[in-house]
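> Structure of the sequence below:
(chains A and B)
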There are 2 protein chains.
Amino acid sequence: MHQVKIKSPATVANLVCGFDILGMALTEPFDIMQLRLLDEPKVIIHNKDSFGLPTDPEKNVAGVVLLSIIEQMNQKIGFEVEIEKHIKPGSGLGSSAASAAGAAVAANFLLQHIFSTDDMIRFAMNGEKLASGVKHADNIAPCISGAVSLIRSIYPLDIISIPAPDLFVTAVHPQIEVKTSDARQILKKQILLKDAIKQWGNIAGLVTGLLKNDHNLIGRSLEDVIIEPVRSILIPGFDEVKRKCREVGALGGGISGSGPSVFMLSEDEVTARDLEQVMKDVYDKIGVEYNTYVTTINKNGVEVMNDE
Amino acid sequence: MHQVKIKSPATVANLVCGFDILGMALTEPFDIMQLRLLDEPKVIIHNKDSFGLPTDPEKNVAGVVLLSIIEQMNQKIGFEVEIEKHIKPGSGLGSSAASAAGAAVAANFLLQHIFSTDDMIRFAMNGEKLASGVKHADNIAPCISGAVSLIRSIYPLDIISIPAPDLFVTAVHPQIEVKTSDARQILKKQILLKDAIKQWGNIAGLVTGLLKNDHNLIGRSLEDVIIEPVRSILIPGFDEVKRKCREVGALGGGISGSGPSVFMLSEDEVTARDLEQVMKDVYDKIGVEYNTYVTTINKNGVEVMNDE
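Sure, this is the predicted structure:
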């Protein structure tokens, strides 16, 4: 096998109360990546989309991941990669993680699965470091493994897979720019203990709800009293979308990653479509361009489409 | 049925990283309470122990719980209660919760189960309010239901039962006084966001470990970076007990409630006994009187012993 084609899904990091520790994979949108093994230590990148992402491997998210794998292998290998990106950069839907995780999984496939999932996460985090300045795994881990990932710790790496219930996800990406670095900067360094206690009650509730497949408990626990009140200020229409989505039957939801995308969970497709309409109405009224997605929680993570 | 005898177990609140939200029931020690139905609205209390607890129902934890039940019933009923306390008041092992929860469950039994678990928790919280000034449920809920309870929220009351694995618990009660009010007062009102994130990773890990029966994950997650570093200062020998217990094979543990008792979890009875020896050695060396307990996680909560 010298070539592999994979699809690498969008992800929702900072899963409401689970800031920095919980991420979830989506069935759509996803990037398509084709990776070919070379016999010399270099990385060649072709972007098959119109986002104008760099092709210099040192400046490309997938590139730095592949370079770190080449360095680790200490053999005469390289990679040629074709990236067809459908997850918009800057959407808050894990676009960089899809490139990074997709590159790591595809390379591991071509290298006959010599790396563990944790190894792949470590390689892929180099891509996140390039994209946002910080090594974080709450997009990468669910992108690779599907469903929900708990990042208990980065140093040492301790990632736990949590099964995901059959829920629908409706997401809206209002076409405004929220830089991850800005979204980090406005957070307070100190928080109230009483808010933290409320948050960890919700985190424990959310995790229990996911593990027990208790949709009502998931809904009650989807509340973020610390990050969302600060960050939602950067997203026009957020409060209205959230309130109206709850009224229409969403279990709950919040900011995807550091925004600007907003997502909502629901139990059936009819409700998921109603939520989409709510989102469209709000952003039509405000006059902000947007994309919407009606999808499900992805339980598989990066998938091989074919191999030759 | 006009009379019932119950045993009401000790509990560990503030389960390491789960400050204010997670509590766990123990098989031993437990109080024994005998409750008799009267036909006039009054509460008579007999203490069959040497702790000198008040017999005035307004000043007694079980008393205020029973008074609140009488008030709610709006009928000509009352209770005579005999309390044989084995859980030392002030030990941090849920002594007041055992009285409060035991009274609520026993009364509900005599009233032919008219109250739900949530009702009983609400009544019993009146006892905690008397004992510590605060309505909290992280001792009461596991005392009533057994295993581990997640208190996601008090207002509105939202309590979730979490199954407990077959683990051993070793606890030591050094005979020093730590007032719950003092232990609350030394906590900082503000905490660092980065510490909170670490804590909620551990909470999610602990809950996942309990639900998946993953002992290793439970052990890795039994870490409290916020409360323990502050409160452990009030408990002589704490750091040494903890370090040595980990060395001897404890999964982990921490302060029980607001102290001064310290507990450790382990996978087998031999280790649990070794941990007891570690605790004895430390407190013998320091020269502080103590009691130790080697027990298991109680899966049943308050139990009826017999009824007439």
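> what's the host helix or strand of A:Gly102 packed up against?
For A:Gly102, the host element (DSSP states H and E) is helix A:95-110. Contact analysis of helix A:95-110 by 3 or more Cβ pairs under 8 Å, 6 or more residues apart in numbering or on different chains; DSSP states H and E lists strand A:3-12, strand A:22-38, helix A:61-73, strand A:78-84, helix A:117-132, helix A:140-145, strand A:303-307 as its packing neighbours. In short, each C-beta sits where N, CA and C put it, glycine included.
> Figure out which of these is closest to chain B.
With Cβ to the nearest Cβ as the criterion, chain B lies closest to strand A:22-38 of those, at 6.9 Å.
> In the closest one, which residues are buried?
Using 16 or more other Cβ atoms under 10 Å in any protein chain shown as the test for burial, strand A:22-38 gives A:22-37.
> Within reach of chain B, which of those are there?
Near chain B, judged by Cβ under 8 Å from any Cβ of the partner chain, the entries from these are A:Leu22.
> Nearest to B:Gly102 among the buried residues of strand A:22-38?
B:Gly102 lies nearest to A:Leu22 out of these, by Cβ to Cβ, at 37.9 Å.
> Test my guess that the closest one contacts A:Arg152.
No. If you go by Cβ atoms under 8 Å, A:Leu22 and A:Arg152 don't touch, sitting 10.3 Å apart.
> Give me the common contacts of these two.
B:Ala204 (Cβ atoms under 8 Å, 6 or more residues apart in numbering or on different chains).
> hmm, stretch A:194-201 in reach of chain B?
Yes. Judged by Cβ under 8 Å from any Cβ, stretch A:194-201 comes into contact with chain B at A:194, A:196-201.
> Can you name the next helix or strand after the worst-scoring helix or strand of chain A on mean pLDDT?
Least confident element among the helices and strands of chain A, by mean pLDDT, DSSP states H and E: helix A:180-185 (a mean of 78). Per DSSP H and E, the first helix or strand lying C-terminal to helix A:180-185 is strand A:190-192.
> picking up where we left off before, for the helices and strands packed on helix A:95-110, which one sits closest to A:Lys188?
Closest approach to A:Lys188 among these is made by helix A:117-132 (19.4 Å; Cβ to Cβ).
> residue ranges with poor pLDDT in the stretch 51-200 of chain A?
Regions of the stretch 51-200 of chain A meeting the criterion pLDDT under 70 are absent.
> Can you tell me which residues in it are near chain B?
Of all the residues in the stretch 51-200 of chain A, those in contact range of chain B (Cβ under 8 Å from any Cβ) are A:150-153, A:158, A:160, A:162, A:187-194, A:196-200.
> Buried ones from those, can you make that a PyMOL selection?
With 16+ other Cβ under 10 Å as the criterion, this PyMOL line picks the buried residues out of those:
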select buried, chain A and resi 150+151+152+153+158+160+162+191+192+193+196+197+198+199+200
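> any idea how far the closest residue to A:Leu26 other than its chain neighbours is from B:Leu67?
Counting by Cβ to Cβ, 6 or more residues apart in numbering or on different chains, the nearest residue to A:Leu26 once its immediate chain neighbours are dropped is A:Ala10, at 4.5 Å. Distance, A:Ala10 to B:Leu67, using Cβ to Cβ, to the nearest Å: 57 Å.
> more crowded one of those two?
The neighbour comparison of A:Ala10 against B:Leu67 (other Cβ atoms under 10 Å in any protein chain shown) goes to A:Ala10, with 35 against 21.
> The more buried one: what's it in contact with?
Neighbouring residues of A:Ala10 by Cβ under 8 Å, 6+ apart: A:25-26, A:28-30, A:87, A:93-95, A:98, A:293.
> so how far is A:Ile77 from it?
29 Å.
> what does A:Ser232 give?
Using Cβ to Cβ, A:Ser232 is found at 46 Å from A:Ile77.
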